[in-house]
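**Q** Okay, here's the prediction I keep looking at, along with the sequence it came from:
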There are 2 protein chains.
Amino acid sequence: MIIDCHGHYTTAPPQLQAFRDGQIAAFKGVAATAGWERATADISDDEIRSSLEGAQLKLQRQRGTDLTIFSPRASAMGHHVGGEGTSVAWTRICNDMIARVVSLYPDNFVGVCQLPQSPGAGLKQVVAELERCVTELRFIGCNLNPDPSGGHWTAPPLTDRFWYPVYEKMVELDVPAMVHVSASCNPAFHATGAHYINADTTAFMQFIQADLFKDFPTLRFIIPHGGGAVPYHWGRYRGLAQDMKRPPLTALLNNVFFDTCVYHQPGIDLLAEVIPVDNILFGSEMVGAVRGVDPTTGHNYDDTKRYIEALPLSDADKKKIYEGNARRVFPRLDARLKARGL
Amino acid sequence: MIIDCHGHYTTAPPQLQAFRDGQIAAFKGVAATAGWERATADISDDEIRSSLEGAQLKLQRQRGTDLTIFSPRASAMGHHVGGEGTSVAWTRICNDMIARVVSLYPDNFVGVCQLPQSPGAGLKQVVAELERCVTELRFIGCNLNPDPSGGHWTAPPLTDRFWYPVYEKMVELDVPAMVHVSASCNPAFHATGAHYINADTTAFMQFIQADLFKDFPTLRFIIPHGGGAVPYHWGRYRGLAQDMKRPPLTALLNNVFFDTCVYHQPGIDLLAEVIPVDNILFGSEMVGAVRGVDPTTGHNYDDTKRYIEALPLSDADKKKIYEGNARRVFPRLDARLKARGL
C-alpha cells in the first residue's frame, strides 16, 4: 500500500473560492460570515467527484499510489485574512469539504484538517476545531501554521507555551501535525518558492532550540517539502546543536518526520542518505506547487514515487517510506486500515 | 591558489564590541556616535595580529587555504539597531578594521565591506560607503542585506527598483555582492540556523520572479551557505520557473553564484551535482556559524575544503571552485593578483 501523506484539495469546485472571495469582500475580516453553513450547499457530489477524477484520482491511478492524506488547500488557508471569526467560518467550510471528499472516496482519501488560526488570537477555536474534525469528521491529523500572519512571523516559536493547548489536544487525540504555512502577504516571500521552504527550515531550528518534546514526548510533527533546507544542511544543524550544547539531532527523531516533496532525484537521494528511513514519509503535494513536466525526465516534477523507486533501498525500507511510517505517525489511520483488514 | 570567498572578522579585539555596546546604550539609535572616528584607535596592530594568528590565519595554514575574502562579522552588522546614523558610524568602523587587517596581511586577506543599511532609510549612505570602501580602502565587493529589519522582512524584494542605486554603483565599480543578512531580532528565527538560510532561499526566489538581470546584465551576487535550500530543491525551482513562464534557471547563472558553506559531505555532493561548476565558489565561513568538530569525521564541520577534495571532479574543475570562479566574480581581485604575478 502506498500512502501519500501530503495532498491538498487544490481543485475544489469554484463555489468554494467564490464564497471565500465574497467573505473577504463583505466582511473585511471583522466578523464571521452569516450563513456560512450553507455556503457550499450548492456543490453537488458530482461536482466534487469531477474535481477529483481528472486530477488527484487520475494521478493516483497513473502513479500507482493508493491513499492520500488529504487537507484543504494550504495556500488558501489565509489565516492572515480578516479576524478569528473569518478564519473559523472559512476553516469549517474547508474541512467539511474534505469530509465530503473522504465520504465519497473512503479508499482513496483520509482527512487532515486546516485550523482556524488568526494572528494575535488565542487557540481556543483551534482546539475546538481540531476536536470536531477528529472526533466528528474522523480526521487523522492537522496542519499547523507557525506563521498565521502570512509572512510577517509575528507568532511565538512553535516551542513557546503559547502553543501548548493545541499540543495537549493533539496528544490527547493522538494525532500529528504537519507544519504548514499558508500564502504570503509579504512581497519579500514567494509563497511556494520561499515562504513554505523557509517555514520548514525555521520550525526545525525552533525544535533544536528548546525542550518541547520533553514536555510532550509523544507529540509528532511532519516537516513538509523534504524538511525545507534541513537535510541539505544536516551538518550545519548537527554542528549548531553541538555548539549550543543541545541534544544531538537524533533526539528529535522520535517526534519529527520529513516528507518526500522534493522534486528531483538528487534531492531525494540526499534526503534518504541523511535522514533515517524511519523518519521519511512518502508525499507528493499533488496537485500542488509544481504542476509541470520536467523536460530532463519526461515526468511530472511532483511524481515523487519515481525518485523513491530509484533509491538504493531494500523493499522493506521502501515499504516504511510508503506505508509503515505513515501508519506509525498517524495511529488513527493505522487503526482504520487494520479494521479494514489492511 | 585557494581563495575562501566567505570569511568574517568574528574574532576582532573586544574594544570593537565595547564601542558597539556603548553606541547602542548611549544613543538608542537616534544619532551618529560622536567621536566614532577614534573608537578603535586604541586597538593596536599587535592586538589585531593576535586576534587572527590563533584563528583565521592558523586555520588557513592548517587547512591549506591561501586567501580569504574578508568582511566584518555579519551577525554584528545589526542594521535593525538604531537609525541610519548609527549604522553609518558602526559600518565605517567595522570596514576600517577590515582595512587594517588587509594592510597587515595583504597576502592572506582581501576586503569586502558591510553597508550602512537601515530599515526605511534610502541608499545614499550605502552607495557612498561602497564607493569609499572600493576606491579608498581597495575592497573588492560588499555584503548586501536583503532584510535590514533583522527578521521582519520589511524591505522590498531585491529585484525592486528601490535597490537600483546600489546596483548601479556595483556595476560601475565592477564589484559583486554577497547576499547576507545579519542577526535576527525576531524570536521565530534563529540567526545562523534559520534567518541566514531563509534569506538565501528567499533571495534566489526573488531573482526567479523578476527581470533584474535584464536591467543589470553584469550584476553579480553570491548566495552564501550553499544557496540556502535552493540546490536541494533545484527541481522545485526549475518547475516553479517553468510554471510561472519565467526563463529557465540557467538564465540566472550568469549573475548568481553559490558558495560551499555546507557542512557535510552529502550536501556538498548535491551542490556539485546540481549546480554547474562555474557557479560554485569555495567558502568556509570560518571562523563562523559552526565551530565544533564533527564526531563522525573527526574534522571541523566548516573545514569545507575536505568535502571539495572528496568530490569526483577533475583538478581543472576544482581549480575553478578554489580560484578561477572567485577571480571571475571579483575582477578587482583578479587584477590585483595578476599585478602580483599570480
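**A** Done, it's in. Numbering: from 1, shown residues only, chains lettered A, B, ... in the order given.

**Q** who's in contact with the nearest residue to residue A:175 once chain neighbours are set aside?
**A** For residue A:175, ignoring the flanking residues on the chain, the nearest one in space by C-beta to C-beta, 6 or more residues apart in numbering or on different chains is residue A:141 at 4.7 Å. Bear in mind the C-beta positions are built from the backbone N, C-alpha and C, glycine included. Residues near residue A:141 by C-beta atoms under 8 Å, 6 or more residues apart in numbering or on different chains: A:69, A:112-113, A:175-178, A:330, A:332.

**Q** Most neighbours among those residues, which one?
**A** The most neighbours of any of those, using other C-beta atoms under 10 Å in any protein chain shown, belong to residue A:112, which has 31 neighbours.

**Q** Let's see the pLDDT reported for that one.
**A** Model confidence at residue A:112, expressed as pLDDT, equals 98.

**Q** check contacts around the residue nearest to it when sequence neighbours are not counted.
**A** Closest residue to residue A:112 apart from its sequence neighbours, by C-beta to C-beta, 6+ apart: residue A:71 at 4.0 Å. Neighbouring residues of residue A:71 by C-beta under 8 Å, 6+ apart: A:7-9, A:98, A:111-114, A:143, A:178.

**Q** Which of those fall in helices?
**A** If you go by DSSP state H, those have residue A:98 in helices.

**Q** Chain B: which of the contacts of residue A:71 is nearest?
**A** residue A:8 (15.7 Å; C-beta to the nearest C-beta).

**Q** State the distance from residue A:311 to residue A:320.
**A** According to C-beta to C-beta, to the nearest Å, residue A:311 and residue A:320 sit 12 Å apart.

**Q** Determine the three-state secondary structure at residue A:49.
**A** helix (DSSP: H, G, I helix; E, B strand; the rest coil).

**Q** Could you verify my assumption that it touches residue A:104?
**A** Yes: the pair residue A:49 and residue A:104 passes the contact test of C-beta atoms under 8 Å, sitting 6.3 Å apart.

**Q** Pull the number of nearby residues for the residue of the stretch 101-250 of chain A found nearest chain B.
**A** Nearest residue of the stretch 101-250 of chain A to chain B (C-beta to the nearest C-beta) works out as residue A:235 at 2.7 Å. Residue A:235 has 24 neighbours, counted by other C-beta under 10 Å.

**Q** Which residues are in contact with it?
**A** Applying C-beta under 8 Å, 6+ apart, the residues near residue A:235 are B:262-265, B:267, B:290, B:294, B:301.

**Q** Pull the most distant pair out of these.
**A** Using C-beta to C-beta, the two most remote members of the contacts of residue A:235 are B:265 and B:290, lying 14.7 Å apart.

**Q** Could you give me the buried positions within stretch A:88-107?
**A** For stretch A:88-107, the buried set under the neighbour-count rule, 16 or more other C-beta atoms under 10 Å in any protein chain shown, comprises A:88-102, A:105.

**Q** ok, residue A:112 touching residue A:74?
**A** No: Residue A:112 sits out of contact with residue A:74 when judged by C-beta under 8 Å, with a separation of 10.5 Å.

**Q** list residues touching both of these two?
**A** residue A:143.

**Q** distance between the worst-scoring helix or strand of chain A on mean pLDDT and the chain's centre?
**A** Sorting the helices and strands of chain A by mean pLDDT, DSSP states H and E puts helix A:14-27 at the bottom, at a mean of 83. Averaging C-alpha positions (C-alpha atoms, centre = their mean, to the nearest Å) puts helix A:14-27 23 Å from its chain's average.

**Q** Which neighbouring elements make contact with that helix?
**A** Judged by 3 or more C-beta pairs under 8 Å, 6 or more residues apart in numbering or on different chains; DSSP states H and E, helix A:14-27 is in contact with helix A:84-104.

**Q** helices and strands around the helix it packs on, which ones?
**A** Packing partners of helix A:84-104 (3+ C-beta pairs under 8 Å, 6+ apart): strand A:3-9, helix A:14-27, helix A:45-53, strand A:67-72, strand A:109-111, helix A:124-131.

**Q** which one of those lies closest to residue A:199?
**A** strand A:3-9 (14.1 Å).

**Q** Paired strands for the closest one, with orientation please.
**A** Sheet pairing for strand A:3-9, assigned by DSSP bridges, gives strand A:67-72 (parallel).

**Q** Just list the residues touching residue A:276, thanks.
**A** By C-beta under 8 Å, 6+ apart, the contact set of residue A:276 is residue A:253.

**Q** Next one, pLDDT for it please.
**A** pLDDT at residue A:276 comes out at 98.

**Q** now residue A:135
**A** Note for residue A:135: predicted pLDDT of 98.

**Q** In CSV, list the helices and strands packed on helix A:84-104 along with distance to residue A:326.
**A** Below are the helices and strands packed on helix A:84-104 laid out as CSV (distance: least, C-beta to C-beta, whole Å):
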stretch, distance to residue A:326
strand A:3-9, 4
helix A:14-27, 27
helix A:45-53, 20
strand A:67-72, 7
strand A:109-111, 10
helix A:124-131, 19
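
**Q** quick check: mean pLDDT across stretch A:177-192?
**A** Mean pLDDT, computed over stretch A:177-192, is 98.

**Q** As a check, name the ranges of all strands in chain A.
**A** For chain A, applying DSSP state E gives strands covering A:3-9, A:67-72, A:109-111, A:142-144, A:177-179, A:221-223, A:256-259, A:280-281, A:293-294, A:299-300.

**Q** about what we covered before: show me which of residue B:265 and residue B:290 is the more surrounded one.
**A** Remark: of residue B:265 and residue B:290, residue B:290 carries more neighbours, 25 against 20, as counted by other C-beta under 10 Å.

**Q** Much appreciated, bye for now.
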